[in-house]
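Undergrad: Fold the following, please.
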Amino acid sequence: MQYMKATAIARSKEIRDDGTIIEVVVWELPEPLPPNKYRYKYRLYYGRPGEERVRYDNVAREGRPPSPVRSRVRVRVRVVGEASRRL
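TA: Just a heads-up that it's a prediction; the model follows:
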C-alpha cells in the first residue's frame, strides 16, 4: 500500500464526566484514495478505556475494507478556523 502525505484539518477529543470518549479526526489528502472520489479521510471513535463501542474509519487500510459501523450514534462536529474553509 502506498502512503501519501495527509494534512490534519480537524481533530476533536472529548472525555465526558461518565468516562466515555468521543474522538473525531479528519485529514485532507492531496488526491482521492481509490476507490473513493473524495480527498477526505476520517476516523470516529466512541467508547471508554477498554470498551470500544463505535469505531469507524472511512478508508480501507492494508487491504482491509473500511471499519463496519457497529452502532448508530449521533455526533455533532464543529469545525472552526482554516479547517472550516477547506470542508
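Undergrad: would you list every one of the helices in this structure?
TA: Using DSSP state H, the helices of the chain run over 82-86.
Undergrad: can you list the weak-confidence ranges in it?
TA: The model of the chain has pLDDT under 70 over residues 1-3, 60-87.
Undergrad: mind running it again at 80?
TA: Scanning the chain for pLDDT under 80 picks out 1-4, 33-36, 59-87.
Undergrad: Quick check: the gap between R39 and I21.
TA: Plainly put, R39 is 27 Å away from I21 if you go by C-beta to C-beta, to the nearest Å. No exception for glycine: its C-beta is placed from N, CA and C like everyone else's.
Undergrad: Same question for I15.
TA: 5 Å.
Undergrad: now swap in L33 and tell me
TA: 26 Å.
Undergrad: Among these two, which residue is more densely surrounded?
TA: L33 (19 against 16; other C-beta atoms under 10 Å).
Undergrad: hang on, the more buried one packs against A6?
TA: No: using C-beta atoms under 8 Å, L33 is not in contact with A6; the gap is 9.2 Å.
Undergrad: shared neighbours, those two?
TA: K41 (C-beta atoms under 8 Å, 6 or more residues apart in numbering).
Undergrad: The chain: strands as residue ranges?
TA: Counting by DSSP state E, the segments of the chain that form strands are 7-15, 21-28, 40-48, 51-57.
Undergrad: The shortest one - contacts with which helices or strands?
TA: With contacts defined as 3 or more C-beta pairs under 8 Å, 6 or more residues apart in numbering; DSSP states H and E, the packing partners of strand 51-57 are strand 40-48.
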